[in-house]
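In: below: sequence and its predicted model.
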Amino acid sequence: MSAVGPSRRAARQRRCPGPRLAAHIGNTAVEQALRHARLIVAAADVASRPPRGDGEETGALAARDRHMAQAVISLEEGTAGKVAVWAHNGHVCTDCYARDIAAMGQHLRDHYGERYYALGLLFGEGAFRARPGNSATRPPKKHTISAAGPRSVEAQLASATPQDHLIDLRAGRTEPAVAEWLESPQFMRSFGAGVPRVTYRFSMTSTVLMREYDGLAYVARSTPSVLVS
């Protein structure tokens, strides 16, 4: 008897019972179970890797965004209409984040081309909810923040239109003055799942808008998310 690797054996077991299961529970239930199984495999793959990789081995951060993109692609392929995905700007953008991690949006741009529209979300002032510090166990709390500095992307958008608005950056690429601004290094605020206690108010990240986004949505006042018990 020849040996069969675990991944090949799992794939064979996954394929074989499909028709028999479908006869009992239906094709829709089988497809849903397979989708759930793929998510479990993806989560295990991310959890088994070091954050940034080691040598040629892909790290957890890069694997996470690759799996996120694949989940979107799988969903889109099984959907008749368009798909909208809500994620952190760092995942939505079409470039890299954390210096060299290919974002989900970069994978989607590679797959869909211009059909993928990366819409960044910014706000002027208000509040948001995040975990304090780098703890993965402390519950998220409300963090308040005032308007960003005058040179930030947020402040520049607010100076042009203080109210909530959406700007299509693709259209601006044809205007020389706007294109120059889009191609210039800028700074914008970026808050993730966890933020430092006080210094988060001054936290900025660099961006080149033309390289990372197709549009920006600006919300003048942000309100924190509501926890679901």
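Out: Cool, got the structure.

In: so which bits of the helix or strand harbouring residue 219 are buried?
Out: Applying DSSP states H and E as the criterion places residue 219 in strand 215-222. For strand 215-222, a neighbour-count test (16 or more other CB atoms under 10 Å) marks 215-216, 218-220, 222 as buried. Heads up, the C-betas are built off the backbone N, CA and C, glycines and all.

In: quickly find the element holding the residue nearest to residue 210 when sequence neighbours are not counted.
Out: Counting by CB to CB, 6 or more residues apart in numbering, the nearest residue to residue 210 once its immediate chain neighbours are dropped is residue 182, at 3.8 Å. Applying DSSP H and E as the criterion places residue 182 in helix 176-183.

In: ok, residues contacting that helix?
Out: Helix 176-183 is contacted by residues 169, 172-173, 208-211 when judged by CB atoms under 8 Å, 6 or more residues apart in numbering.

In: swap in stretch 89-100?
Out: Applying CB under 8 Å, 6+ apart, the external contacts of stretch 89-100 come out as 61, 65, 68, 85, 102-106, 108-109, 116, 118-121, 188, 190, 192, 207-208, 211-214.

In: so what would you say the end-to-end distance of it is?
Out: 15 Å (CA to CA, to the nearest Å).

In: also stretch 195-208?
Out: End to end - CA to CA - stretch 195-208 spans 23 Å.

In: distance from that stretch to the middle of the chain?
Out: From the chain centre to the centre of stretch 195-208 is a distance of 18 Å (CA atoms, centre = their mean, to the nearest Å).

In: for residue 216, see how far away residue 157 is.
Out: 7 Å (CB to CB, to the nearest Å).

In: same check on residue 36?
Out: 35 Å.

In: one more: residue 152?
Out: 12 Å.

In: and residue 144, what helix or strand is that in?
Out: strand 141-145.

In: so, low pLDDT: which residues of the chain?
Out: The chain contains residues with pLDDT under 70 at 1-18, 21-22, 24, 55.

In: how about a cut-off of 90?
Out: By pLDDT under 90, the weakly predicted segments of the chain are 1-36, 50-58, 75, 78-81, 97-100, 133-138, 172-174, 192-194, 196-203, 226-229.

In: next structured bit after the lengthiest helix in the chain?
Out: What stands out as the longest helix in the chain, according to DSSP state H, is helix 27-47. Moving toward the C-terminus from helix 27-47, the next helix or strand (DSSP H and E) is helix 60-77.

In: gap between the helix or strand that that following helix is followed by and the chain center?
Out: Sequence-wise, the next helix or strand downstream of helix 60-77 (DSSP H and E) is helix 89-92. Centroid separation for helix 89-92 versus its chain: 4 Å, with CA atoms, centre = their mean.
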